[in-house]
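**Student:** Quick one: sequence and predicted model below, then my questions.
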Amino acid sequence: PRLANQIAAGEVVERPASVIKELVENSLDSGASRVDVEVEQGGIKLMRVRDNGGGILKDDLAMALSRHATSKIHNLDELEAVASLGFRGEALASVASVSRLLLTSKPSEQSEAWQVNTHGQDMSTELLPAAHTDGTSVEVRDLFFNTPARRKFLRTEKTEFNHLDEVIKRQALARFDVGFSLRHNNRTIHSLRPAASQAEQERRVAQLLSPDFMQNALVIDAEAVGLRLTGWVGLPTFSRSMPDMQYFFVNGRVVKDKVIGHAVKQAYRDVLYHGRHPCFVLYLTLDPSGVDVNVHPTKHEVRFRDQRLVHDFLFRQLHRALAEVRP
Ligand code: ADP
Ligand code: MG
């Protein structure tokens, strides 16, 4: 089990950013309306994710750290219909096997908080009483302390932090209804309240990406053939200066997909952005049966049932919007 655990850990736990992704996804799955993230030294020394979600019962705490223990899937039919972000039940176990992990939780139906901790492969878990308001905290220290080969692949504190910040940005762009904060080495990087109105959402996007982007952005809101596209696309002056701001979400999950990429590029190229990089934050919503999002746990791939339909819809909507602002 020792070797298997560490090999499997490699699949999801590559660097601090991958840990943050899994922990925040768990918080979101638990129904949290606020997620606070605190890290030190790019996450290498410490990562702490605290949420106000449903929590974990005392009797389930040790279980949450064991492999293939998930509370989210009970049979194959549910795997098909899965709406939650995590479903393989291995993230916490994988992280625990390569760090010192402290899990503290208080479900609202329980009057006290409890915690368990693990040190790498030493999975003996002792339950201790703790102080915590409703919700869960996961603290991960000394990532890869027991796997020097993997630790060698970590880059500088700054690089690791940038990756981690990118994860938080995507999650904050995917869930306007949730408040997020991020602190690095005791400095506040993001502090975002839930954003309900269009104006509040635009303020969040501006804070996360760049005020320039929002000032020049074109609002997209279109619906046809069972597909809905909302969000913002950047205009040319901006596109020149910031080449890499491309966020596409399908049913709330960030996605990098050839079909989408092609449609977007084509729309920009056809209209006015010849040779330039498009900038956009776009949200495609469709019936879950029209898309398979569980292609791979860490790669951001999807498979559309009807690729042609999605491609043509995206192209047509973006093309039309961009054509209207042709200089
Ligand atoms: P998965 O998310 O795939 O189920 P994880 O290893 O990420 O597997 O988590 C294991 C289990 O621990 C989850 O199914 C969930 O029951 C519980 N859990 C983890 N993090 C949280 C959290 N922040 N709030 C509530 N429950 C959690
Ligand atoms: Mg999970």
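**Tutor:** Looks like it arrived, so ask away. Computed from a prediction, not measured in an experiment: that's the story for all the values here. Ligands and ions are numbered 1, 2, ... in the order given.

**Student:** which residues does Leu227 contact?
**Tutor:** When the contact criterion is C-beta atoms under 8 Å, 6 or more residues apart in numbering, the partners of Leu227 are 284-286, 309-310, 313. The way it works is simple: take the backbone N, C-alpha and C, and place the C-beta from them, glycine included.

**Student:** hey, what's it bridged with?
**Tutor:** Beta bridges link Leu227 to Ala224, Leu286, judged by DSSP bridges.

**Student:** out of the contacts of Leu227, who's nearest Phe161?
**Tutor:** For the contacts of Leu227, the closest approach to Phe161 (C-beta to C-beta) belongs to Leu284, at 29.8 Å.

**Student:** Does the closest one lie in a helix or a strand, and which?
**Tutor:** In this structure, Leu284 sits in strand 280-286 according to DSSP states H and E.

**Student:** what's the helix or strand that comes right after that strand packed up against?
**Tutor:** Moving toward the C-terminus from strand 280-286, the next helix or strand (DSSP H and E) is strand 291-292. Helices and strands in packing contact with strand 291-292 are listed as strand 303-304; criterion 3 or more C-beta pairs under 8 Å, 6 or more residues apart in numbering; DSSP states H and E.

**Student:** Packing partners of the strand it packs on?
**Tutor:** strand 291-292.

**Student:** go again using 10 Å as the cut-off
**Tutor:** Secondary structure elements in contact with strand 303-304, counted by 3 or more C-beta pairs under 10 Å, 6 or more residues apart in numbering; DSSP states H and E, are helix 258-271, strand 291-292.

**Student:** how far is the last one from where the chain is centred?
**Tutor:** Spelled out, it's strand 291-292. 18 Å (C-alpha atoms, centre = their mean, to the nearest Å).

**Student:** and if you look at the first one?
**Tutor:** The chain centre lies 24 Å from the centre of helix 258-271; the measure is C-alpha atoms, centre = their mean.

**Student:** relative orientation of that helix and strand 280-286 in degrees?
**Tutor:** Orientation of helix 258-271 against strand 280-286 (axes from the mean of the first three to the mean of the last three C-alpha atoms, to 10 degrees) gives an angle of 130 degrees.

**Student:** mean confidence score for helix 258-271?
**Tutor:** For helix 258-271, mean pLDDT rounds to 85.

**Student:** in it, what counts as buried?
**Tutor:** 259-260, 263-264, 267-268, 271 (16 or more other C-beta atoms under 10 Å).

**Student:** again, but for stretch 208-223
**Tutor:** So stretch 208-223, judged by 16+ other C-beta under 10 Å, has buried residues 208-210, 213-214, 216-217, 220.

**Student:** circling back: wait, which of the buried residues of helix 258-271 is closest to Asp142?
**Tutor:** For the buried residues of helix 258-271, the nearest to Asp142 is Ile260 (38.5 Å; C-beta to C-beta).

**Student:** Now name the helix or strand holding the residue of the stretch 101-250 of the chain found nearest ligand 2.
**Tutor:** Of the residues in the stretch 101-250 of the chain, the one nearest ligand 2 is Val138, at a distance of 10.5 Å by C-beta to the ion. Secondary structure here is read from DSSP H and E; on that basis Val138 sits in strand 135-141.

**Student:** now check that strand, is it near ligand 1?
**Tutor:** Yes - contact of strand 135-141 with ligand 1 (C-beta under 6 Å from any ligand atom) involves Thr136.

**Student:** still on that earlier bit, could the buried residues of helix 258-271 be laid out in a markdown table, adding distance to Ser181?
**Tutor:** Putting the buried residues of helix 258-271 into a markdown table (distance: C-beta to C-beta, whole Å) gives the following:
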| residue | distance to Ser181 |
| --- | --- |
| Val259 | 35 |
| Ile260 | 30 |
| Ala263 | 35 |
| Val264 | 31 |
| Ala267 | 35 |
| Tyr268 | 34 |
| Val271 | 38 |
